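Trainee: Sequence and predicted structure below; questions after.
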Amino acid sequence: MARLKLGIAVDALRLAAPFRIASHVFDSRLACLVTLDDGTHVGRGEATGVYYLGEDIETMRIQLEAARDAIEAHPTREELRTILPAGGARNAVDAALWELESKQTRTPVWALAGLAAPRPLPTTFTVGADEPAAMAAAAVAYRQARSIKVKLTGDLDLDIARVAAIRAVRPDVWLGVDANQGYQIGDLDRLVTAMLAADVSLIEQPLARGREADLDGFGSPIPLAADESALTLADVEGLKGRFKVFNIKLDKCGGLTEALLIAAAAREAELGVMVGCMVCSSLGAAPGFVVGQRCDLVDLDGPTFLKQDRTPGVVYRDGTIWCDEAVWGAGS
């Protein structure tokens with residue numbers, strides 16, 4: 001194959017309003033924008049990295065520069081998994097390789113991945129942590145939402161009040177909660193009981209990564225989803241018996257290539273499959289839309305938090321997300 005030219009740029013993704021989760025508040029993120037140019041076609045990929053693993057724009061840039069020669073040698077996507085570690089840098093290059101091949105062959109990414117023609121996907125819309133009344137108002141403002149995910153902070157009484165306030169004004173929606181590692185095992189009985197009363201259908205990452213064994217023997221009538229505990233393909237086996245759902249994020253696992261492998265392995269392990277995203281533009285969400293075609297749950301609302309998304313962008317309508325090929329792939 002002809003050598004490629006690797007481009008690395010920085011793009012500031014500014015949020016329309018601060019977004020709070022357990023132990024962190026976001027008002028903007030710097031995204032790493034990777035391009036791969038074969039002289040005729042250009043493939044693109046975006047990543048913001050995994051903040052809780054210490055990734056940022058500088059760590060991703062260092063990884064990319066160190067691997068520049070190997071990347072410009074035009075590796076296969078499978079070879080890329082041995083060149084860069086899982087994380088944002090690999091995700092950006094992986095996405096660029098998918099789009100480059102899509103343009104070179106005039107074949108949509110979904111077809112290259114062996115998938116059927118895509119369909120719009122129901123997605124959750126996330127309410128950031130705030131006072132209960134403010135969160136209820138935010139839930140009401142999501143008029144089109146069929147599914148809402150509520151960010152918790154680990155303050156048990158306040159979190160229960162937050163969820164109750166949202167359920168009171170949105171009795172119509174599927175409701176999930178995301179603790180982002182905010183709880184300890186001793187809190188879970190009370191948390192689960194309160195979430196049952198609010199008709200919550202999913203509890204995401206209640207405990208810190210590294211405390212997975214604390215869930216041994218804990219039975220929850222509400223499925224538990226692993227997020228921070230579920231980074232890569234190597235994590236699938238250890239989740240069985242502790243979690244019911246694996247939340248795939250491309251910045252965590254290193255791209256669409258590994259995400260598709262995780263989806264297949266999770267099914268084999270009898271785990272449900274979810275796809276989520278970090279703060280991202282439509283370019284960052286687009287590969288997630290592809291693997292989302294293989295998922296039970298979709299949480300791809302990242303672009304909705306931005307002051308300004310890329311154009312063209314994904315489309316949100318009637319509680320679903322749709323990503324046209326003009327956003328990323330053969331049509332872009």
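Mentor: Great, that's in hand.

Trainee: The longest helix anywhere in the chain packs against which elements?
Mentor: What stands out as the longest helix in the chain, according to DSSP state H, is helix 88-105. Helix 88-105 sits against strand 24-37, strand 42-47, helix 57-66, helix 77-83, helix 109-112, helix 250-253, helix 256-268, helix 282-292, with contacts defined as 3 or more Cβ pairs under 8 Å, 6 or more residues apart in numbering; DSSP states H and E. All C-beta atoms are positioned from the backbone trio N, CA, C, and that covers glycine.

Trainee: averaged over its residues, what pLDDT does it have?
Mentor: The average pLDDT within helix 88-105 is 98.

Trainee: so how far is that helix from its chain's centroid?
Mentor: 17 Å (Cα atoms, centre = their mean, to the nearest Å).

Trainee: And for stretch 201-212?
Mentor: 16 Å.

Trainee: now stretch 158-169
Mentor: 24 Å.

Trainee: Kindly report the same for stretch 207-219.
Mentor: 22 Å.

Trainee: and what of stretch 114-124?
Mentor: 15 Å.

Trainee: can you tell me the distance between the two ends of that stretch?
Mentor: Using Cα to Cα, to the nearest Å, the end-to-end distance of stretch 114-124 comes to 26 Å.

Trainee: Give me the mean pLDDT for it.
Mentor: 98.

Trainee: For that stretch, buried residues please.
Mentor: Neighbour-count burial for stretch 114-124 flags 118, 121, 123-124 (criterion: 16 or more other Cβ atoms under 10 Å).

Trainee: before we move on, back to that, between the helices and strands packed on helix 88-105, which one is closest to G186.
Mentor: Set against G186 and scored by Cβ to Cβ, the helices and strands packed on helix 88-105 come closest in strand 24-37, at 23.2 Å.

Trainee: could you say what helices and strands that closest one packs with?
Mentor: strand 5-21, strand 42-47, helix 57-66, helix 88-105.

Trainee: before we move on, back to that, now for the buried residues of stretch 114-124, which pair is the farthest apart?
Mentor: P118 and T124 (18.3 Å).

Trainee: hey, where'd the helices end up in the stretch 151-300 of the chain?
Mentor: Using DSSP state H, counting those that start in this stretch, the helices of the stretch 151-300 of the chain run over 156-169, 188-197, 236-239, 250-253, 256-268, 282-292.

Trainee: so who does the residue nearest to R294 when sequence neighbours are not counted touch?
Mentor: Using Cβ to Cβ, 6 or more residues apart in numbering and skipping residues adjacent in sequence, the residue nearest R294 is A263, 4.4 Å away. Residues near A263 by Cβ atoms under 8 Å, 6 or more residues apart in numbering: 248, 273, 291, 294-295.

Trainee: what do you get for L233?
Mentor: Contacts of L233 by Cβ under 8 Å, 6+ apart are 253, 258, 261-262, 265.

Trainee: The same query, at a cut-off of 10 Å, please.
Mentor: By Cβ atoms under 10 Å, 6 or more residues apart in numbering, the contact list for L233 reads 81, 86, 246, 248, 253-254, 258-259, 261-266.

Trainee: Distance check, it against D187.
Mentor: To D187, L233 is 30 Å away according to Cβ to Cβ, to the nearest Å.

Trainee: and G186, how many residues sit next to it?
Mentor: 8 (other Cβ atoms under 10 Å).

Trainee: right, I mislabeled it, should have said L6
Mentor: For L6, using other Cβ under 10 Å, the count is 19.

Trainee: Could you do A213 as well?
Mentor: Neighbour count for A213, taken as other Cβ under 10 Å: 11.

Trainee: Who's the closest spatial neighbour of it, skipping the chain neighbours?
Mentor: Nearest non-adjacent residue to A213 (Cβ to Cβ, 6+ apart): R242, at 7.8 Å.

Trainee: Surely that neighbour touches D214?
Mentor: Yes: between R242 and D214 there is a contact under Cβ atoms under 10 Å: 8.8 Å.

Trainee: Overlap of the contact sets of the two?
Mentor: Residues touching both R242 and D214 (Cβ under 10 Å, 6+ apart): L207.

Trainee: Quick check: buried residues in stretch 143-161?
Mentor: In stretch 143-161, counting by 16+ other Cβ under 10 Å, buried: 145, 147-154, 156, 159-161.

Trainee: sorry, back to before: of the contacts of L233, buried ones?
Mentor: 81, 86, 246, 248, 253-254, 258-259, 261-263, 265-266.

Trainee: Many thanks, have a good one.
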